[in-house]
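Student: Got a predicted model here, sequence first, then my questions.
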Amino acid sequence: MQKYSFNFGIWGMALIIIALSQFGALDLYIQSVIMFIGINIILSSSLNVVNGYMGEFSCGHAGFMCVGAYVSSILSVIFFSQNAIFGAPILPPEFAIIGFPIVVIISGLVAGVTGLIVAIPSFKTRGDYLAIITIAANYMVISAIENVDVIGGSRGFMGMKRVVNAMTDVIDLPWMMIWVILGTYMSIWMIRRFVSSTYGKGIMAVSQDEVAAEIMSVNTNKMKMAAFMLSSGLAGIAGALFAHVLGYVNPQSFNIMKSTECLVMVYLGGMGSLGGSVLSAILFTVMLELLRFIIPAIDTGLHIINVLPDSYHLSQVWKWVLIPLTLILLMQFRPEGLMGNKELPKLFPGLKKFYKFK
């Protein structure tokens, strides 16, 4: 009963957010920040499956996000939106409410298969070598998309807003907020179930000692495939939601900088801590949004705002000063992250009566 009360609390908060969005109590900016928090929670917790629980070192997580973003964008536009590239939609736009979650799931599956392709070379590599493989995969995905002109190439791809608007025309609700909340909850639920399962115990054994795990009859290759596919599949779902929240995707939005953001969130929260990934995603997203206001305000006061073309560009420049600095400070003073490998009930015993983490 106590466990269910915790879930009711989560869904109660979700319904409040949706209601406030519906009636305009939350402006579009605040809504977008909340949605980006949800997307970042999916990204950080999914990467934690490989880098935290399995103890590998993947550095190209944004590549899988890119796959999911483009697959979902192309499918949703083909099926539910009139466009200059593909012509008339295959299905009436009103079907977008039913079809959109199917499109998101397909994009996650395609990203998962992409992760499987990356997982196979990882069978004989670890550490720095795996990092090189995943970085290379990230660049391969971006380069491939940039050279496919039919989907916009380096110019990017758009048209997803019309799909979202088609859902709103049927039932006037903040649909992307609903889908992001559902996607975030289901992703956390899947990862929690995975790490509590036999597969989860297997990847933890790989993290401790791969050779010893093989001696104890753990199929390490199978465990790696499962972990990579789950991690990359959820990154693809995050990419699908990201693309439809923005209504536009560009290959360079998923470059090594985006992968670095994912790494920072994982190490900030703690390796092997699902609760840490959630907390770090919230802190990280809020920190980045504060930079949009703090940095331009400081530079305006110093009368150097005209050095760069606009305040947004200025905040982006400082973003890539502060993010690596955060990573350096973490490695120096708190290498285990905010939570280490612990979960919230272990740090705050009072939560155990509401939530049981296996």
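Tutor: On my side now, so go ahead.
Student: Contact partners for the closest residue to residue 204 other than its chain neighbours?
Tutor: The shortest distance from residue 204 to any non-neighbouring residue, by Cβ to Cβ, 6 or more residues apart in numbering, is to residue 53 (5.9 Å). Just so you know, the C-beta spots here come from the backbone N, C-alpha and C atoms, and that holds for glycine as well. Counting by Cβ atoms under 8 Å, 6 or more residues apart in numbering, residue 53 touches 195, 200, 203-204, 207, 227, 272.
Student: how does it look with 6 Å?
Tutor: When contacts are counted by Cβ atoms under 6 Å, 6 or more residues apart in numbering, residue 53 is found next to 195, 203-204, 272.
Student: Give me the subset of the residues you listed lying in helices.
Tutor: 195, 203-204 (DSSP state H).
Student: CSV please, covering these and showing neighbour count, pLDDT and distance to residue 278.
Tutor: Below are those laid out as CSV (neighbours: other Cβ atoms under 10 Å; pLDDT from 0 to 100; distance: Cβ to Cβ, whole Å):
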residue, neighbour count, pLDDT, distance to residue 278
195, 22, 88, 14
203, 27, 86, 20
204, 19, 85, 20
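Student: for stretch 201-209, which positions count as buried?
Tutor: 202-207 (16 or more other Cβ atoms under 10 Å).
Student: of all the residues you listed, which two lie farthest apart?
Tutor: Using Cβ to Cβ, the buried residues of stretch 201-209 span at most 9.9 Å, a distance reached by 202 and 207.
Student: if we can go back for a sec, now distance to residue 175 too, for the ones in helices among the contacts of residue 53, in TSV please.
Tutor: Output for the ones in helices among the contacts of residue 53, formatted as TSV (distance: Cβ to Cβ, whole Å):
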residue	distance to residue 175
195	31
203	35
204	38
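Student: Pick out whichever of the residues you listed sits closest to residue 280.
Tutor: residue 195 (17.0 Å).
Student: Residue 229 touches residue 118, doesn't it?
Tutor: No. Counting by Cβ atoms under 6 Å, residue 229 sits too far from residue 118 to count as a contact (9.8 Å).
Student: on that earlier part again, and the ones in helices among the contacts of residue 53, which is closest to residue 222?
Tutor: residue 203 (10.1 Å).
Student: Check the gap between that closest one and residue 209 for me.
Tutor: Distance, residue 203 to residue 209, using Cβ to Cβ, to the nearest Å: 13 Å.
Student: same deal with residue 261?
Tutor: Distance, residue 261 to residue 209, by Cβ to Cβ: 31 Å.
Student: Verify the stated contact: residue 71 with residue 105.
Tutor: No. The criterion here is Cβ under 6 Å, and residue 71 misses it with residue 105 at 10.7 Å.
Student: pLDDT weak spots in the chain?
Tutor: 1-8, 84, 123, 125-127, 293-317, 344-358 (pLDDT under 70).
Student: how about the strands in it?
Tutor: When secondary structure is read from DSSP state E, the chain shows strands at 157-158, 248-249.
Student: how about those strands in TSV, adding distance to residue 33?
Tutor: Listed next are the strands of the chain as TSV, based on distance: least, Cβ to Cβ, whole Å:
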stretch	distance to residue 33
strand 157-158	22
strand 248-249	18
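Student: Any chance of those in CSV with mean neighbour count as columns?
Tutor: Shown next, in CSV, are these (neighbours: other Cβ atoms under 10 Å):
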stretch, mean neighbour count
strand 157-158, 20
strand 248-249, 21
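Student: So for residue 15, which of the ones you listed sits nearest?
Tutor: Distance to residue 15, taken as Cβ to Cβ, is lowest for strand 248-249 among the strands of the chain, at 29.3 Å.
Student: Partner strands of that closest one and their direction?
Tutor: strand 157-158 (antiparallel) (DSSP bridges).
Student: Tell me the backbone dihedrals of residue 173, please.
Tutor: Main-chain dihedrals, residue 173, degrees, to the nearest 10: phi -140, psi 160.
Student: tell me, how many neighbours does it end up with?
Tutor: Number of residues near residue 173 (other Cβ atoms under 10 Å) recorded here: 14.
Student: Not counting sequence-adjacent ones, nearest residue to residue 36?
Tutor: Of all residues not flanking residue 36 in the chain, residue 285 sits nearest, at 5.4 Å (Cβ to Cβ, 6+ apart).
Student: Tell me the spacing between residue 177 and residue 249.
Tutor: 19 Å.
Student: typed the wrong thing, it's residue 197
Tutor: Here the criterion is Cβ to Cβ. By it, residue 197 lies 33 Å from residue 249.
Student: now do residue 326
Tutor: Distance from residue 326 to residue 249, counting by Cβ to Cβ: 27 Å.
Student: Please apply the same query to residue 46.
Tutor: Separation of residue 46 from residue 249 (Cβ to Cβ): 19 Å.
Student: just residue 103 next, same as before
Tutor: According to Cβ to Cβ, residue 103 and residue 249 sit 14 Å apart.
Student: try residue 11
Tutor: According to Cβ to Cβ, residue 11 stands 30 Å off from residue 249.
Student: again with residue 165
Tutor: Distance, residue 165 to residue 249, by Cβ to Cβ: 17 Å.
Student: any idea how far residue 59 is from residue 160?
Tutor: 28 Å.
Student: more neighbours, these two?
Tutor: Comparing residue 59 with residue 160 by other Cβ under 10 Å, the one with more neighbours is residue 160, at 26 against 23.
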